[in-house]
Structure formats: C-alpha cells, structure tokens
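Asks: have a look at this prediction, sequence included:
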Amino acid sequence: MIKAPYSKRENGTLRFPGSLLALSVVFCSALSLQSPAGQDLQEKKPAAPALKAPAAAPGKTHSSVAILSIAGSSRLDLGEGALSFSSKTAPEILKAGPDHHRLEDLLFLDFQPPGEEKKTEVLKEMAEVVLSNGDHFWATPVGIEPIKEDDFLIAACGGISQQVSQKDGQLRLDLVGVRLLLYRNAFTSELQWSRFRNGLLKASTKNDVVHLSAGTRLTGFLEELKRDSILFSADGVGEVKLAAGKVRAIEFAAIDEEPPGGEKKETAGQRVAVFLKDGGKLQGELKSIDEKSLALGHRLLGNVSLPLSRLAQVSFLGGRCQYLSDMEPAKTREHLGSLFLARLPFRQDSNVLGNPLKMGGKTYPKGLGVHAYSRLDYDIAKGFKKFQATIGLDDSARPASQPAAAESTGAVVFRVLLDGKLLKEKPMRFSDSPLDLDLDIAGGSLLSLEVDFGGKDSSAALDRANWCGARVIK
C-alpha cells in the first residue's frame with residue numbers, strides 16, 4: 001500500500017497522510033510466565049508458499065496491477081492489457097488481459113505506479129471523514145445542506161465521485177452516517193494525531209462535540225459548517241463562531257437510525273475492501289472495474305467511482321477466502337507478564353497501537369496486530385483447507401540504538417495450533433524479515449494464533465507482532 005511520507009512542515013503547509021506511519025518506540029518491560037512447551041519444528045519450505053505480488057518490471061511507463069488468487073499470481077500492465085468486470089454479467093469473472101479469474105478465487109489486486117519509484121502523495125484535503133461504519137477518507141468540508149428533514153455534509157473530494165448528480169469534485173453524505181471529522185492542520189505530529197483519533201473512536205457521544213486546538217472541548221449542537229468557519233451552539237455558552245484552523249475535530253452525535261437507503265441488508269454481489277493511496281478505506285459491493293476506474297456500491301455514499309490511479313489495493317471479501325480480521329475470535333488471552341495487570345488488546349487491520357500494519361517498510365491493509373502475550377482462538381468451518389499469513393514484528397517494534405536494550409526487546413515466538421495441536425512454531429526478532437506461512441488446516445475446527453515472549457529474560461518490551469493478511473481458504 002502506497003503512502004506519502006509524513007513531515008511536520010513543508011513550504012509552510014502541514015502534510016498529513018491518512019495512513020499512519022510507525023509510532024515512536026515505547027518500552028514496556030515485564031517478567032512473564034515460562035513459555036508453554038511446544039514442539040520445535042524444523043524450518044522447511046511449504047509445498048504451496050503464501051502468495052506475494054510479483055515485482056513490477058523496471059522501466060515501465062504505465063501503472064500495473066498484481067492479481068493474486070488462490071491459484072497463483074500475475075501482473076498486468078494497465079497501459080497494454082484490458083482489466084474488466086461487471087456485476088451485470090454472469091458468471092462473475094475478472095478479465096485481466098488474456099487471463100480470466102473467478103471472483104470467488106481472488107485474494108486482492110495490488111496497484112503499482114509506473115517504474116520502481118513511488119511518487120509521494122500530497123494531501124490537499126483538510127480533514128479525515130470517519131463514517132459510522134468505520135470507513136474513512138480525506139476531504140474538505142465545505143457546508144451542511146438541509147434536504148427535506150435531513151442534513152447532509154457537503155465535502156470537496158478529488159478521489160471519489162458519486163453516481164448521483166453532484167457538483168464536480170464534491171460529495172454529499174447524510175450526517176447520520178458521519179462519525180468524526182479530524183482537521184489535519186491542527187496537529188503538529190503523527191503521534192499526537194493518532195493518539196487523539198484513537199481516543200475519540202473508543203466511545204460514541206450523545207451530543208455534537210467540537211475539540212479546539214487549544215485543548216478546549218465544547219458540547220452542544222453544530223449549527224453551520226463552512227470551509228473556513230464553524231458556527232456552534234455550545235452548552236452554557238451559546239452560539240460561537242470558530243475558525244476552522246482552530247478546530248482539531250468535530251464529533252457527531254450518535255443517532256440510532258439509518259440514513260436513507262442505508263438499511264442493513266445482505267448483498268448478493270462481491271464485497272470488497274478498497275484501500276486508497278492516501279490511507280482511506282471504503283467497503284462495499286463491487287459493481288464494475290475497467291482500466292481507468294472502479295465502481296463501488298457503498299451503504300452510506302451510494303454508488304461511487306474511484307480512479308484506479310488513487311487505489312493501493314482491493315481485497316476481496318467472502319468467496320473461498322475469509323480474513324480473520326473480519327471475524328471475531330471465540331476466545332482471547334492477553335497479558336504483558338506476571339507483574340502487569342494491564343494488557344494491549346489485539347487490533348483488526350492495524351498494529352496493536354492502532355496504526356497501519358507495517359513490516360520491512362511494506363504496509364499491509366489486512367491482518368491482526370497483537371502484543372505478547374497473545375492467544376486468539378477462532379472457530380473455523382471444517383470446509384477450510386489452508387491458513388495463510390505473513391508474520392513478523394511490526395516496524396514500530398524496532399528499539400532505539402542502545403545495544404543492551406536491543407538484546408531483550410522486540411522478540412517473540414509465533415505459534416499456530418489446530419484443535420490444540422502445534423502446527424508451526426517460529427521465534428522472530430525485530431531484525432528478521434517477514435515470513436510467509438501456508439499451513440494445512442483441513443478437518444480442523446479451532447484455529448489458535450499465539451504470540452509468546454521471546455526476548456532475554458522473557459521481556460515483553462516492544463513485542464509488537466503482526467499476523468498480516470491472516471486468512472483461511474476453502
């Protein structure tokens with residue numbers, strides 16, 4: 001997944017990509033219980049290695065897409081071959097040049113820019129829009145428009161186009177579906193932004209709340225929203241007009257109703273998660289795809305079109321592949337050692353700190369982020385035959401340059417168990433390259449993913465481990 005590097009100031013303007021970079025190193029030391037005994041399996045190459053996107057050929061003048069399926073992988077130059085799919089035709093087949101892929105067999109599409117050098121994405125939008133279903137994208141709020149009995153947020157966004165008639169470069173979204181607006185220029189660092197964002201998302205609010213850059217918090221009702229200013233009725237204060245540059249975030253009151261056309265219902269089409277280069281994410285029904293754009297049916301935004309040039313990856317949900325980050329574990333066991341009552345809970349599609357999963361400089365859109373000690377048990381249907389994942393320490397687990405600290409930090413032991421039987425055990429450190437797993441789970445009913453302490457004296461410091469792309473396949 002492609003991301004723009006973060007810098008505090010450039011030409012007087014703050015740059016703030018939607019995808020978070022690895023946070024600063026934070027230590028937590030602990031003594032732990034002894035690692036449970038387990039068979040020390042010999043390293044060997046699996047019969048069918050976990051799939052990797054083929055490397056882009058140097059000197060390419062067109063963007064390309066890597067197509068990964070259960071059967072294998074291939075790469076298509078979008079300047080030469082045809083990429084096409086339509087949900088109106090049956091059977092559901094993605095055409096990629098001379099190749100045809102059944103949608104139920106696809107894992108993901110990985111988009112790459114031409115050549116080896118990845119251009120830096122410069123964000124122009126002012127705020128991150130977080131939706132009530134967890135999706136998010138970058139846009140510039142420009143107003144609130146009343147339509148019949150509902151209020152709609154109007155936002156300028158260059159990378160998403162709604163099928164319904166709107167002004168060029170603008171989106172219209174029922175405020176019922178908006179959870180949060182985060183103004184990027186109000187933050188001076190990635191760490192400050194990520195901590196603030198994660199804190200707000202832990203709980204919903206019964207009233208609108210405006211968070212000012214000075215640390216003030218106003219509760220009340222949002223009256224008016226413009227590109228440069230906000231009119232807010234604050235409890236105990238009355239109406240106040242605020243400059244948008246002084247606002248960190250706006251939380252919208254949680255309302256127990258669905259926006260028009262947003263009723264929860266099962267879809268018969270192929271569901272996908274679309275990850276944008278600037279860090280945004282949208283989930284919905286894949287309507288069509290060609291060499292230039294992807295059409296998505298979104299529960300809150302309606303039918304939208306996304307240029308392929310703005311996409312980083314498209315993950316296919318359902319079918320023969322199911323990601324564990326889209327499932328809830330049947331049981332979890334997590335602790336930081338015998339001397340600590342606190343724990344760092346696992347996270348879905350992010351590392352344990354709430355930032356993107358990143359190993360070896362590569363960002364992974366799907367997966368599980370955990371901290372030793374962790375054990376996640378999943379009830380799996382007996383129809384699943386394979387478990388695949390890429391394991392390793394998150395890039396944020398790299399310790400500072402002190403050699404003494406490095407000896408006992410950022411080290412874990414990965415274990416995969418099926419119905420209590422050990423399938424794989426692998427000690428890993430922060431300096432190790434990510435490792436692909438491809439394990440046979442046919443006939444099993446309980447899949448357990450365990451990350452144990454592996455450092456000197458069983459230290460838990462910086463034991464931030466990832467199960468990237470963790471999935472079960474029929």
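Replies: Great, that's in hand.
Asks: where along the chain do the helices fall?
Replies: 190-200, 403-408 (DSSP state H).
Asks: which helices and strands does the first one pack with?
Replies: Using 3 or more Cβ pairs under 8 Å, 6 or more residues apart in numbering; DSSP states H and E as the contact test, the elements touching helix 190-200 are strand 178-183, strand 247-251. Bear in mind the C-beta positions are built from the backbone N, C-alpha and C, glycine included.
Asks: may I have the last one as CSV, with CA atoms only?
Replies: Provided in CSV are the C-alpha atoms of strand 247-251 (Å, rounded to 0.1, in the frame of the first residue of the first chain):
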residue,chain,number,x,y,z
VAL,A,247,-10.5,23.1,15.4
ARG,A,248,-9.0,19.7,15.9
ALA,A,249,-12.1,17.6,15.5
ILE,A,250,-15.9,17.5,15.3
GLU,A,251,-17.7,14.5,16.8
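Asks: so which bits of that strand are buried?
Replies: 247, 248, 249, 250, 251 (16 or more other Cβ atoms under 10 Å).
Asks: what is the neighbour count of the closest residue to residue 354 other than its chain neighbours?
Replies: Spatial nearest neighbour of residue 354, chain neighbours left out: residue 198 (4.4 Å); criterion: Cβ to Cβ, 6 or more residues apart in numbering. Neighbour count of residue 198, defined by other Cβ atoms under 10 Å: 15.
Asks: count the neighbours of the nearest residue to residue 358 once chain neighbours are set aside for me.
Replies: Leaving aside its sequence neighbours, residue 358 sits nearest to residue 395 (Cβ to Cβ, 6+ apart; 4.5 Å). Counted by other Cβ under 10 Å, the residues lying close to residue 395 total 22.
Asks: and the helices of the chain, which one averages the lowest pLDDT?
Replies: Lowest mean pLDDT within these: helix 403-408, a mean of 60.
Asks: make CSV from the helices and strands packed on helix 190-200 and add distance to residue 212 and mean pLDDT to it.
Replies: Formatted as CSV, the helices and strands packed on helix 190-200 follow (distance: least, Cβ to Cβ, whole Å; pLDDT from 0 to 100):
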stretch, distance to residue 212, mean pLDDT
strand 178-183, 10, 95
strand 247-251, 6, 95
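Asks: ok, now which ones touch the closest residue to residue 204 other than its chain neighbours?
Replies: Leaving out its chain neighbours, the residue that sits closest to residue 204 by Cβ to Cβ, 6+ apart is residue 254, at 3.9 Å. Contacts for residue 254 (Cβ atoms under 8 Å, 6 or more residues apart in numbering) come out as 132, 179, 204, 205, 206.
Asks: kindly state the beta-bridge partners for residue 364.
Replies: residue 357 (DSSP bridges).
Asks: likewise the one 5 residues further on?
Replies: Partner residues in beta bridges with residue 369, using DSSP bridges, are residue 347, residue 466.
Asks: ends of stretch 141-159, how far apart?
Replies: 14 Å (Cα to Cα, to the nearest Å).
Asks: still on that earlier bit, buried subset of the contacts of residue 254 as a ChimeraX selection?
Replies: With 16+ other Cβ under 10 Å as the burial test, the buried ones among those are selected in ChimeraX as follows:
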select :132,179
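Asks: can you redo the contacts of residue 254 as TSV with distance to residue 225?
Replies: Formatted as TSV, the contacts of residue 254 follow (distance: Cβ to Cβ, whole Å):
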residue	distance to residue 225
132	18
179	15
204	20
205	17
206	20
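Asks: of the contacts of residue 254, which belong to strands?
Replies: Among the contacts of residue 254, the ones falling in strands (DSSP state E) are residue 179.
Asks: per-residue pLDDT, the residue nearest to residue 204?
Replies: pLDDT, read off for residue 254, is 85.
Asks: relative to residue 282, how far out is it?
Replies: 21 Å (Cβ to Cβ, to the nearest Å).
Asks: with residue 334 instead?
Replies: 30 Å.
Asks: kindly report the same for residue 357.
Replies: In terms of Cβ to Cβ, residue 357 sits 18 Å off from residue 282.
Asks: counting neighbours, go ahead and name the busier of the two.
Replies: Neighbours around residue 357 and residue 282, counted as other Cβ under 10 Å, are more numerous at residue 357. The numbers are 27 against 23.
Asks: surely the residue nearest to residue 354 touches residue 352?
Replies: No. Using Cβ atoms under 8 Å, residue 198 is not in contact with residue 352; the gap is 11.3 Å.
Asks: touching both of the two, which residues are there?
Replies: Common neighbours of residue 198 and residue 352 (Cβ under 8 Å, 6+ apart) do not exist.
Asks: so where's this structure shaky on pLDDT?
Replies: 1-62, 80-81, 115-123, 165-166, 256-268, 338-342, 401-408, 455-458 (pLDDT under 70).
Asks: okay, domains of it per the record?
Replies: Domain segmentation of the chain under automatic domain parsing yields 127-251, 322-473.
Asks: related to what we said a few turns ago, can you pull the phi/psi pair for the residue nearest to residue 204?
Replies: phi -70, psi 130 (degrees, to the nearest 10).
Asks: can you check residue 373 too?
Replies: Dihedral angles for residue 373 - degrees, to the nearest 10 - are phi -90, psi 140.
Asks: need the contact list for it.
Replies: 32, 33, 333, 334, 335, 336, 337, 451, 452, 453, 460.
Asks: please apply the same query to residue 323.
Replies: Contacts of residue 323 (Cβ under 8 Å, 6+ apart): 315, 317, 366, 367, 469, 470, 471.
Asks: bridged to residue 416, which residues?
Replies: Assigned bridge partners for residue 416, using DSSP bridges, are residue 424, residue 449.
Asks: for residue 437, see how far away it is.
Replies: Going from residue 416 to residue 437 by Cβ to Cβ gives 7 Å.
Asks: shared neighbours, the two?
Replies: Joint contacts of residue 416 and residue 437 (Cβ under 8 Å, 6+ apart) are 387, 424.
Asks: for residue 321, grab the count of nearby residues.
Replies: 24.
Asks: put the buried members of the contacts of residue 373 into a ChimeraX selection.
Replies: Of those, the buried ones go into a single ChimeraX selection, burial set by 16+ other Cβ under 10 Å:
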select :32,334,335,336,337,451,452,453,460
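Asks: can I get the contacts of residue 373 in CSV with distance to residue 215?
Replies: What follows is these, written out as CSV (distance: Cβ to Cβ, whole Å):
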residue, distance to residue 215
32, 38
33, 41
333, 38
334, 32
335, 34
336, 30
337, 34
451, 37
452, 41
453, 38
460, 33
